[in-house]
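A.B. asks: compute the structure for the input listed below.
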Amino acid sequence: MAKHSHREMLQHLLDGGEWTNDAGSIRAKLYDDSLTLKSSGTNHLVRVNWFENWNIHIEPKWYDNIPPEGIRCRVWDNEGDEYSFEFIMQYNPNLRYPYRYINIDESDFGYRYAEPLNEQELAAYNLLYKKGTK
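C.D. replies: Got it, this is the predicted structure:
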């Protein structure tokens, strides 16, 4: 029996197909949003209602949860440009420059690309900034 990827197997179920184990003794099929398992040689069905207590977990992107004080990021506009540092305050994917920050005169500006500093980079940045170098 050929092995299939998880994606192929799930798609097969969604398309109305059936799974069997290697021995062919257990079958699985979707019925009414439940996964039904049946052992061969018995009429016993086990229904697993997997949609009630389970959800798809998608790890949020860093820009989905920007705190009010912002996130210190490396920012730039074009590939290959040198970067600068700003506190990104919000993200708006509908804008050409989606990574937004507030300038000293409280004007709203944006960058095309932004990448948060990791803990080590942030510590080094803070050390340099305290010495008056930005």
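
A.B. asks: what about the residue nearest to residue 76 when sequence neighbours are not counted, neighbour count?
C.D. replies: Nearest residue to residue 76, sequence neighbours excluded (CB to CB, 6 or more residues apart in numbering): residue 83, at 4.3 Å. In short, each C-beta sits where N, CA and C put it, glycine included. Residues lying near residue 83 (other CB atoms under 10 Å) number 14.

A.B. asks: ok, now which ones touch residue 83?
C.D. replies: Residue 83 makes contact with 74-76, according to CB atoms under 8 Å, 6 or more residues apart in numbering.

A.B. asks: for residue 74, give its distance to residue 12.
C.D. replies: For residue 74, the distance to residue 12 equals 44 Å [CB to CB, to the nearest Å].

A.B. asks: in the longest helix anywhere in the chain, what counts as buried?
C.D. replies: The single longest helix within the chain, with elements called by DSSP state H, is helix 119-130. The neighbour-count check on helix 119-130 (16 or more other CB atoms under 10 Å) flags residue 125 as buried.

A.B. asks: just stretch 94-104 next, same as before
C.D. replies: Buried residues in stretch 94-104, counted by 16+ other CB under 10 Å: 98-101.

A.B. asks: of those residues, closest to residue 110?
C.D. replies: Of all those, residue 100 has the smallest distance to residue 110: 4.8 Å, by CB to CB.

A.B. asks: confirm that residue 8 sits in a helix.
C.D. replies: Yes - assessed by DSSP: H, G, I helix; E, B strand; the rest coil, residue 8 belongs to a helix.
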